[in-house]
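Novice: This is a predicted model, with the sequence first.
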Amino acid sequence: ACTALIREFCKIGRTKNASQIMGILEESGAVIDVTSYNVLISGYCKSGEIEEALRVLDRMGVSPNAATYDAVLCSLCDRGKLKQAMQVLGRQLQSKCYPDVVTCTVLIDATCKESGVGQAMKLFNEMRNKGCKPDVVTYNVLIKGFCKGGRLDEAIRFLKKLPSYGCQPDVISHNMILRSLCSGGRWMDAMKLLATMLRKGCLPSVVTFNILINFLCQKGLLGKALNVLEMMPKHGHTPNSRSFNPLIQGFCNRKGIDRAIEYLEIMVSRGCYPDIVTYNILLTALCKDGKVDDAVVILSQLSSKGCSPSLISYNTVIDGLLKVGKTECAIELFEEMCRKGLEADIITYNIIINGLLKVGKAELAVELLEEMCYKGLKPDLITCTSVVGGLSREGKVREAMKFFHYLKRFAIRPNAFIYNSIITGLCKSQQTSLAIDFLADMVAKGCKPTEATYTTLIKGITYEGLAEEASKLSNELYSRGLVKKSLIVKVSQDVE
């Protein structure tokens with residue numbers, strides 16, 4: 001009855017109450033079996049209180065069994081505490097109590113992640129010598145470790161050895177190596193592996209075909225990718241959106257938007273429904289191709305197609321509208337997005353602020369900047385570059401400088417573009433003295449001036465009527481290799 005009560009408290013996360021029940025049992029001198037301790041230890045592990053679980057393990061009045069250690073070891077490995085896990089394992093092995101294959105696999109996986117596959121193989125061999133019989137999941141963990149460690153040929157050799165260990169590799173074993181072969185550009189070896197799979201009766205999965213399609217599309221081999229797609233039904237598999245998406249992306253990359261839409265229709269006709277990734281690929285391609293109106297239509301139809309637009313969908317189309325000068329439509333779409341409950345992120349605001357500043361709508365851009373900050377979104381370097389550049393272009397250099405001084409508050413280090421924007425604005429308003437101060441600040445802060453910085457300053461000095469001084473400065477900068485000869489010629493002509 002007490003074990004049942006401990007279990008119920010642990011189930012609902014009340015480990016403190018469960019521990020109190022155990023304490024009462026211990027103080028009463030009652031005989032507590034290993035099951036009761038295991039229930040409490042498991043409860044602590046599930047709630048993340050691993051130190052409490054270890055304390056219970058240390059004070060147990062009976063010998064822990066494999067289940068006790070399994071709970072603790074799995075919990076420690078899940079939390080990246082491999083060193084502690086190995087100490088507990090050592091204690092377990094000393095007591096002649098050996099972990100089961102699931103726990104062995106968890107330990108080997110954790111060792112792969114923290115110490116590499118070499119150390120994991122040592123543990124694997126030690127566990128086998130202690131009588132633990134690895135299963136295909138264990139072997140797959142090691143194959144994954146070899147692949148992630150860049151030891152692909154060893155992974156292939158290990159795969160071939162599996163039957164001698166009494167284990168037949170499964171489709172997951174092959175898929176991991178197939179993916180690594182494709183990532184390494186070893187297409188012929190990938191096809192050989194596929195042929196070996198089929199010869200040995202290991203049927204490829206949808207994932208197998210998708211790995212191949214994705215690789216071929218990335219290499220621009222769309223014809224071969226289509227051949228692989230057509231192979232799928234012959235092996236009893238229906239292509240899914242992950243089969244079609246790389247192809248649609250491939251057609252879009254080649255500016256074949258019409259072909260991409262054709263395959264979207266083929267996809268639907270085969271009972272495979274596009275996901276948001278599919279539509280986002282098309283929206284991006286349409287906007288890049290200047291077909292923003294078509295993108296707006298597709299975006300408006302997504303919900304009726306059972307696919308809710310994502311923030312990426314809206315950001316893509318808003319950006320497309322701004323780039324073709326449809327500012328009002330972009331703002332309306334932004335407002336629609338907010339009404340639908342999608343929270344704008346820093347990318348959304350950067351897109352709109354930059355778009356507004358490019359068409360001279362500085363006041364509205366600043367309003368959105370303030371709204372963004374009010375919502376707790378911190379401006380990044382892209383935001384600051386857009387704002388300073390936009391305000392300077394509009395001749396609002398005072399406002400640009402004011403915002404420049406806020407950068408420290410945002411922990412943003414100004415880049416050359418930001419300094420150049422302000423220096424340009426100051427020179428245009430014939431404030432070259434202040435522009436020189438900004439150049440000095442730029443150098444003092446470790447931001448290297450560009451050729452554009454010096455060119456702008458020299459032009460500013462020239463336009464202020466100090467052409468001779470500008471000529472001397474340009475010659476000095478040219479001798480140091482900081483500006484081109486064409487600038488010297490230009491300044492010399494202005495002096496004449």
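Specialist: Yep, that arrived. Quick caveat, the model's predicted, so the values are computed rather than measured.

Novice: Show the pLDDT at residue 211.
Specialist: Looking at residue 211, its pLDDT reads 96.

Novice: Quick one: neighbours of it, just the number.
Specialist: The criterion is other CB atoms under 10 Å. On that basis, residue 211 has 25 neighbouring residues. C-beta: built from backbone N, CA, C; applies to glycine.

Novice: tell me the SS of it?
Specialist: With DSSP: H, G, I helix; E, B strand; the rest coil as the basis, the three-state label of residue 211 is helix.

Novice: How about residue 424?
Specialist: With three-state DSSP as the basis, the three-state label of residue 424 is helix.

Novice: That one touches residue 394, doesn't it?
Specialist: No: taking contact to mean CB atoms under 8 Å, the distance of 11.8 Å between residue 424 and residue 394 leaves them out of contact.

Novice: what about the protein, any weak spots by pLDDT?
Specialist: Regions of the chain meeting the criterion pLDDT under 70 cover residues 1, 483, 486-496.

Novice: quick one: contacts for the spatially most central residue of it?
Specialist: Within the chain, one residue has its C-alpha closest to the average C-alpha position: by CA atoms, centre = their mean, that is residue 312, at 14.1 Å. With contact set as CB atoms under 8 Å, 6 or more residues apart in numbering, residue 312 has these partners: 276, 280.

Novice: again with residue 13
Specialist: Residue 13 makes contact with residue 47, according to CB under 8 Å, 6+ apart.

Novice: Can you tell me the closest non-neighbouring residue to residue 342?
Specialist: With CB to CB, 6 or more residues apart in numbering as the measure, residue 311 is the residue that lies nearest to residue 342, at 5.5 Å, once sequence neighbours are left out.

Novice: And for residue 175, the neighbour number?
Specialist: Using other CB under 10 Å, residue 175 is surrounded by 20 other residues.

Novice: is it true that it touches residue 206?
Specialist: No: using CB under 8 Å, residue 175 makes no contact with residue 206, being 10.3 Å away.

Novice: Check whether residue 395 sits in a helix, strand or coil.
Specialist: Taken by three-state DSSP, the conformation at residue 395 corresponds to coil.

Novice: Check the burial of it by counting its neighbours.
Specialist: Using other CB under 10 Å, residue 395 has 13 neighbouring residues.

Novice: Same question for residue 131.
Specialist: By other CB under 10 Å, the residues close to residue 131 number 7.

Novice: Not including adjacent chain positions, what is the nearest residue to it?
Specialist: Beyond its immediate neighbours in the sequence, the residue positioned closest to residue 131 (CB to CB, 6+ apart) is residue 98, lying 6.0 Å away.

Novice: Equivalent analysis for residue 36, please.
Specialist: residue 3 (4.5 Å).

Novice: Output the contacting helices and strands for the one helix or strand that neighbour maps to.
Specialist: Using DSSP states H and E, residue 3 sits in helix 2-11. Where contact means 3 or more CB pairs under 8 Å, 6 or more residues apart in numbering; DSSP states H and E, helix 2-11 is packed against helix 15-28, helix 34-46.

Novice: Which one, of the ones you listed, ends up nearest to residue 356?
Specialist: Closest approach to residue 356 among those (CB to CB): helix 34-46, 51.0 Å.

Novice: residues making contact with the closest one?
Specialist: 2-3, 6-7, 9-11, 15, 18-19, 22, 25, 50, 52-53, 56-57, 60, 62-65, 67-68, 71-72, 74-75.

Novice: mind redoing it with 6 Å?
Specialist: The list of residues contacting helix 34-46 from outside it, by CB atoms under 6 Å, 6 or more residues apart in numbering, reads 3, 6-7, 10, 15, 18, 22, 52-53, 56, 60, 62, 65, 67-68, 71, 75.

Novice: now that helix, how far from the chain's geometric center?
Specialist: Distance of helix 34-46 from its chain centroid, counting by CA atoms, centre = their mean, to the nearest Å, is 37 Å.

Novice: tell me which residues in that helix are buried?
Specialist: The neighbour-count criterion (16 or more other CB atoms under 10 Å) identifies 34, 36, 37, 38, 39, 40, 41, 42, 43, 44, 45 as the buried residues of helix 34-46.

Novice: Check stretch 203-213 too.
Specialist: Buried residues in stretch 203-213, defined by neighbour count with 16+ other CB under 10 Å: 204, 205, 206, 207, 208, 209, 210, 211, 212, 213.

Novice: same thing with stretch 262-273?
Specialist: Of the residues in stretch 262-273, those scored as buried under the neighbour-count criterion (16+ other CB under 10 Å) are 263, 264, 267, 272.

Novice: Need the contact partners of it.
Specialist: By CB under 6 Å, 6+ apart, the residues outside stretch 262-273 that reach it are 239, 240, 244, 247, 248.

Novice: Mind doing that once more with 10 Å?
Specialist: Here stretch 262-273 makes contact (CB atoms under 10 Å, 6 or more residues apart in numbering) with 222, 226, 229, 233, 238-245, 247-248, 250-251, 256, 274, 278-279, 281-282, 298, 305-307.

Novice: Can you report how many residues lie near residue 388?
Specialist: Other residues within reach of residue 388 by the criterion other CB under 10 Å amount to 27.

Novice: for it, what are its contacts?
Specialist: Taking CB under 10 Å, 6+ apart as the definition, contacts of residue 388 comprise 357, 397, 399-401, 403-404, 407, 414-415, 417-422, 425.
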